[in-house]
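S.K.: Here's my sequence, what's the structure:
(chains A and B)
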Amino acid sequence: MEAVSDPQAAYRAYGPALVRKAERILRSREDAIDVVHALFVDLIPRWSKDVDLPYLYRAITNRCLNVVRDRGTRARLLDREPQLAAPLGRVKLEDEIVGVGLIASLAERLDENHLEVLVARFVDDMTQDEIAAHLGVSRKTVGKRLDRIRDTVIALRTEAAG
Amino acid sequence: MMCIGDPISWLALETHALGRRDAAVTAHLDACSACRECLQQIECDVVALPRLAVPVRRPWWHFAVPAFGALAAVAALLVLLRPRDPEGVTHIKGLGEVQIEVVRERAGTIRDDVRSFAPGDRWKVVVTCPFDHSVSLDVIVREEGATRADHPLAPMRAICGNRIVIPGAFTVTGDKTNRVCVHVMPGDGDACLTLHPER
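M.R.: Now for the predicted structure:
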């Protein structure tokens, strides 16, 4: 994936892809556009040749996780999520399509590294090899983090049921 | 919707949609309707991005010049608006605040709240300075526009305190204002006030 030297050109080229990604996490196009726009505004002063689509994908993941962690925004997104149509779900976590509600619940129990793997696997539909390359960690580490994520989801469900 | 194998990630699909084709991805898409539908969703999607306003990077002096200007203006304002000593009061380095007052005697009437003179008035000078300082006091009277000053009273030494009366009295004549000063040593400072002629 080649980098784009000009922020405006990168915004035009990659902006729509990033909005779609943010929308898959937040389930809100308006919020997704805001997140992408804010990311580029912040990146412009320190733009470098290293900024490519995978880099921006990670940056958007972190921005969206921050939005979900924000209690006010989270409440608004959770309130709206049940009214929205379910997204295309090719990779499910314990038979569940990962959305704002599940990410918000897991955000209180998992650290940043696990949440990045969660999004990469169950929102971006990456394979473990892709995740390892994308995040710069070993496949074994990715596997361990996925196991921990599944255990946490099972624990959440057990608590909810009992 | 089920993928035939490992789904093509959204990042790979976006990359494909941007025109960077990968043989493995293309082959998977030919065979998998689920991933093909995801690609179509990307290709049909229209995102209305707001305009990206690029902030202009300004050199440091762009902000420094107005900032220094504002600081200079504030400093000038402070100098102009600084509290000034009232007439008759001065601060002398090493001594502190020195205040002089004058007492007028006119036809047997003594007042210390007036600054106007007429022929025949007699004036005395009263000095207040910080306790326990030993000072030398010399009364100087200078008519407006005059090149020479008068020393109508003999210089005296005194221990500072409240309302020290300098011995002796003097008269002021003429129709011009007069400055009455007390020169204080050490510190070499003058505390002055103005007497105005009555018209």
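S.K.: Next, the contact list for residue 139, please.
M.R.: Picked chain A for this. The contact partners of A:R139, by CB atoms under 8 Å, 6 or more residues apart in numbering or on different chains, come to A:Q128, A:D129, A:A132. All C-beta atoms are positioned from the backbone trio N, CA, C, and that covers glycine.
S.K.: not quite, I wanted chain B
M.R.: B:V125, B:H151, B:P152, B:L153, B:I166, B:F170, B:V180, B:C181, B:V182.
S.K.: Remind me which helix or strand it belongs to.
M.R.: strand B:134-143 (DSSP states H and E).
S.K.: could you give me the average pLDDT of that strand?
M.R.: The average pLDDT within strand B:134-143 is 91.
S.K.: who touches the helix or strand bottoming out on mean pLDDT in chain A?
M.R.: When each helix and strand of chain A is scored by mean pLDDT, DSSP states H and E, helix A:71-80 comes last, with a mean of 77. With contacts defined as CB under 8 Å, 6+ apart, helix A:71-80 is touched by A:L26, A:R27, A:S28, A:D31, A:V67, A:V68, A:V100, A:G101, A:A104.
S.K.: Can you name the next helix or strand after the strand holding B:V139?
M.R.: strand B:156-159.
S.K.: can you list contacts of the helix or strand following that following strand?
M.R.: Using DSSP H and E, the helix or strand that follows strand B:156-159 in sequence is strand B:164-165. Contacting residues not belonging to strand B:164-165 are listed as B:K124, B:V125, B:V126, B:V127, B:T128, B:C129, B:L137, B:A158 [CB under 8 Å, 6+ apart].
S.K.: Show me the strands in chain B, by range?
M.R.: Here chain B has its strands, by DSSP state E, at B:89-92, B:96-106, B:109-111, B:116-117, B:122-128, B:134-143, B:156-159, B:164-165, B:178-185, B:189-197.
S.K.: circling back to that earlier point, and the least confident helix or strand of chain A, what's buried?
M.R.: Neighbour-count burial for helix A:71-80 flags A:T73, A:R74, A:L77, A:L78 (criterion: 16 or more other CB atoms under 10 Å in any protein chain shown).
S.K.: go on, stretch A:101-108?
M.R.: Neighbour count says stretch A:101-108 has A:G101, A:L102, A:I103, A:A104, A:S105, A:L106, A:A107 buried, by 16+ other CB under 10 Å.
S.K.: So which of these are in helices?
M.R.: Secondary structure from DSSP state H places A:G101, A:L102, A:I103, A:A104, A:S105, A:L106, A:A107 of those in helices.
S.K.: just to revisit the earlier point, and chain A, which of the contacts of B:V139 reach it?
M.R.: The subset of these within reach of chain A, counting by CB under 8 Å from any CB of the partner chain, is empty.
S.K.: Look up the pLDDT of the residue nearest to the spatial centre of chain B for me, please.
M.R.: With distances taken as CA atoms, centre = their mean, B:L78 lies nearest the centre of chain B, 3.2 Å away. Listed pLDDT for B:L78 reads 89.
S.K.: same thing with A:L93?
M.R.: 77.
S.K.: What of the one 10 residues further on?
M.R.: pLDDT, A:I103: 88.
S.K.: How about the contacts made by A:R12?
M.R.: Here A:R12 is in contact with B:L49 (criterion: CB under 8 Å, 6+ apart).
S.K.: Can you list the buried residues in the lengthiest helix in chain B?
M.R.: Scanning chain B for the helix with the most residues, using DSSP H, yields helix B:60-81. Buried positions in helix B:60-81, judged by neighbour count with 16+ other CB under 10 Å: none.
S.K.: who touches stretch B:106-115?
M.R.: Counting by CB under 8 Å, 6+ apart, B:101-104, B:118, B:120-122, B:126, B:193-196 sit against stretch B:106-115.
S.K.: angle of the strand holding B:V139 against strand B:96-106?
M.R.: 50 degrees (axes from the mean of the first three to the mean of the last three CA atoms, to 10 degrees).
S.K.: burial count for A:D52?
M.R.: 14 (other CB atoms under 10 Å in any protein chain shown).
S.K.: ok, it to A:V119 distance?
M.R.: 18 Å (CB to CB, to the nearest Å).
S.K.: by contact count, what packs against the lowest-mean-pLDDT helix or strand in chain B?
M.R.: Within chain B, no helix or strand scores below strand B:89-92, which has a mean of 84 by mean pLDDT, DSSP H and E. Strand B:89-92 is packed against strand B:96-106, strand B:189-197, with contacts defined by 3 or more CB pairs under 8 Å, 6 or more residues apart in numbering or on different chains; DSSP states H and E.
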